[in-house]
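Asks: Mind looking at a prediction? Sequence and model below.
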Amino acid sequence: MKNYKKLLLSFFIIILAMATVGCSPVVTYQNSIFDDESKIAKVEDSFTYLERQGEVLWKEAKINFTSFSGTDTIFKIKTDREKDIVFNVESTIKSGDFKLVLITSDNKVINIVSGTEEGSKTISLNKGTSRIKLVGKKAKGEIKINIDADEAVEIEGNNSF
């Protein structure tokens, strides 16, 4: 019986060690994204949240998050010609680093909001598909976004959390 308990304890220690070591490179990569525009502009996302609550609808989002690191695409915006889009944003960041960015159809990264901020920003989009991403490094806070665009602009929200 004593051998069984030792074996079981050893098994749990090994599993815990593997989980800690195995996740470490991913977290390190996600924390390195914040200041690297080439990583931010990638189509694929890499992120972790301790907690994420809220919703992303057609032209608006309200998200609360804790321990967010990496990039998370929340909107795709398609235009068939150059269009001005107005982003109304309110962000409250309690800790860590956070920004909301737009990746244009030619992969240029434009900051919409950094940290705690409230206001509107008008951005001219070229023809093609642009993406709106949350970018964080151990961030805790809340963001509210409302996108003001005409019907010719196709907005797709990503509510997969």
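Replies: Arrived safely. Numbering: from 1, shown residues only.
Asks: Tell me the helix or strand right after the helix or strand of the chain with the lowest mean pLDDT.
Replies: For the chain, using mean pLDDT, DSSP states H and E, the weakest element among its helices and strands is helix 2-32, scoring a mean of 66. The helix or strand immediately downstream of helix 2-32 is helix 37-40, counting by DSSP states H and E.
Asks: now that following helix: mean pLDDT?
Replies: Regarding helix 37-40, the rounded mean pLDDT is 95.
Asks: That one: which residues count as buried?
Replies: 39-40 (16 or more other C-beta atoms under 10 Å). C-beta coordinates here come from the backbone N, C-alpha and C atoms, glycine included.
Asks: Check which helices and strands the helix or strand just after it sits against.
Replies: Using DSSP H and E, the helix or strand that follows helix 37-40 in sequence is strand 46-48. Packing partners of strand 46-48 (3 or more C-beta pairs under 8 Å, 6 or more residues apart in numbering; DSSP states H and E): helix 2-32, strand 60-79.
Asks: partners of the shortest one in the sheet?
Replies: Pointing back at strand 60-79 there. strand 46-48 (antiparallel), strand 51-56 (antiparallel), strand 128-148 (antiparallel), strand 154-157 (antiparallel) (DSSP bridges).
Asks: Fine, thanks again, bye for now.
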